[in-house]
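>>> Following is a predicted model, sequence given first.
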Amino acid sequence: MLAAILESGEPERLYTGLSLLVSAASDGEPVLALATFGALRPLLDPELAEHARVTARHVVEDEREAFSRTLAALRDTAFELCRIWACAAALEAVGAEADERLEGVISTPRFLREVAGARLVVV
């Protein structure tokens, strides 16, 4: 099992984390993730592709459109293939609301207990 804590909202780091999740899940591995402070809003953002196109600092201009479309597709695929929770503290702190694509809301300690023994990555 792969467990991930998604913290960064930077488009490039979020892309990396989601790519990791989707790749593992596509290979049949169970994947669980916790979206925390930085990553929570972008994951729930209906305009993720547009916002990423504008804010992806490390992506050259000619590649921003493809990058941002792929990021949004990775996010959508991750919601289909993986179990993703919102961090309870982050949800409250950033003023976001739970989304039906999420498994629910969970505390970080509880998430860590749920994924005990899994390979854990933080992005």
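Received, thanks.
>>> Which pLDDT value does the model give residue 31?
In this prediction, residue 31 carries a pLDDT score of 98.
>>> what's around it, how many residues?
23 (other Cβ atoms under 10 Å). The way it works is simple: take the backbone N, C-alpha and C, and place the C-beta from them, glycine included.
>>> contacting residues for it?
1, 2, 3, 4, 21, 24, 25, 81, 82, 83 (Cβ atoms under 8 Å, 6 or more residues apart in numbering).
>>> The fourth one sits in which helix or strand?
Assigned by DSSP states H and E, residue 4 belongs to strand 2-6.
>>> now the strands: where do they sit in the chain?
2-6, 31-35, 83-87, 104-106, 119-122 (DSSP state E).
>>> will you turn those strands into CSV that also has distance to residue 112?
Below are these laid out as CSV (distance: least, Cβ to Cβ, whole Å):
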stretch, distance to residue 112
strand 2-6, 8
strand 31-35, 9
strand 83-87, 11
strand 104-106, 10
strand 119-122, 8
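>>> number of nearby residues for residue 28?
Residues near residue 28, counting by other Cβ under 10 Å: 8.
>>> Which members of the contacts of residue 31 are the farthest-apart pair?
The most widely separated members of the contacts of residue 31, counting by Cβ to Cβ, are 3 and 81 (14.4 Å).
>>> When these two are compared, which one has more neighbours?
Shown here are residue 3 and residue 81; by other Cβ under 10 Å, residue 3 has more neighbours (22 against 18).
>>> what sits against the closest residue to that one other than its chain neighbours?
Nearest residue to residue 3 in three dimensions, chain neighbours excluded: residue 115, at 3.6 Å (Cβ to Cβ, 6 or more residues apart in numbering). Applying Cβ under 8 Å, 6+ apart to residue 115 gives the contacts 1, 3, 32.
>>> same check, this time on residue 38
7, 8, 9, 10.
>>> distance of the third one from residue 75?
Spelled out, that is residue 9. 12 Å (Cβ to Cβ, to the nearest Å).
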